[in-house]
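Enquirer: My questions concern the predicted model and sequence given below.
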Amino acid sequence: MKEASIAVINTIPNYPIPLTDRWGDYTSRSTLLQHWNIIEGSDAYEAYEHLRGRYNSGEMDSQGDPMHLSIGDPRAFQHEEATFVAFHEGRIGIHAEVELDVEFNDLDDSSEFEDEITRAEFDELVSYYTDKLQTLVEAYPETQFFIAHGEDVTYKGRVTINAFTPLLNGRLPNGTMLAPQDVTFMVSPYFRKGPDAGEINITQCPNLAGLTEKLIDIALER
């Protein structure tokens, strides 16, 4: 089995920036600024504006149909209300986040908080879920797996297991160009390959859906 480092993340600079919420709606500019410190001119801000300008779901034609094509819209790859379109390490991708039912904010005294676990309990969780995530690494080589916690990056500091998969812009995995790079035309790196490869449909990805399902299953096993 291929080994990869499963990082533990609790700071904003190391965490994917959610450009949408789990229902596909765009994150507000004020939230990007106030919580994620995304300012005008930054790479994340430019990627957000480019994406929003190309895939604005609010415009309809006279028959009530969307004026923007869904082909290449990264929101089409979201699944099970556990995924976000996100920006991470200079690329747009799909961030799958599954919450566990515990919180870890590394408090001096966690006894006053109902769901807060101790450092020893957290370390044991990290060991357990690192082993579980390692079982997915070989099947999903384009994906970065990690564990996150802390109120800066997760809701109430809940411990989460995560997968971030960068999407390809206008290019198939075999190198074939479908659109110019400045068009923002997203394609899954698992298009027509991977453990859950199903029907050929460039607008969605059975492998990314399957990956999200596997994260959910892993979270429910313990």
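Expert: Structure received. Numbering: from 1, shown residues only.
Enquirer: out of everything not next to it in sequence, what's closest to the residue nearest the centre of the chain?
Expert: Per Cα atoms, centre = their mean, the C-alpha nearest to the average position across the chain is that of His95, at 0.4 Å. Distances taken as Cβ to Cβ, 6 or more residues apart in numbering place Ala86 nearest to His95, at 3.8 Å, with adjacent residues excluded. Every C-beta, even on glycine, is put in place using the N, C-alpha and C of the backbone.
Enquirer: surely the one you found meets Thr27?
Expert: No - using Cβ atoms under 8 Å as the test, Ala86 is too far from Thr27 to be in contact (9.5 Å).
Enquirer: neighbour count winner among those two?
Expert: The neighbour count for Ala86 versus Thr27, taken as other Cβ atoms under 10 Å, is higher for Ala86 (24 against 20).
Enquirer: Could you point out which residue ranges in the chain have low pLDDT?
Expert: Scanning the chain for pLDDT under 70 picks out 1-4, 57-61, 64-70, 112, 197-200.
Enquirer: Helices along that one, start to end?
Expert: 29-34, 43-54, 119-137, 206-221 (DSSP state H).
Enquirer: export the ones you listed to CSV and tack on mean neighbour count and distance to Thr176?
Expert: Shown next, in CSV, are those (neighbours: other Cβ atoms under 10 Å; distance: least, Cβ to Cβ, whole Å):
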stretch, mean neighbour count, distance to Thr176
helix 29-34, 13, 33
helix 43-54, 16, 21
helix 119-137, 15, 27
helix 206-221, 19, 18
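Enquirer: can you tell which of the ones you listed is closest to Asp152?
Expert: Of all these, helix 29-34 sits nearest to Asp152, with 12.7 Å by Cβ to Cβ.
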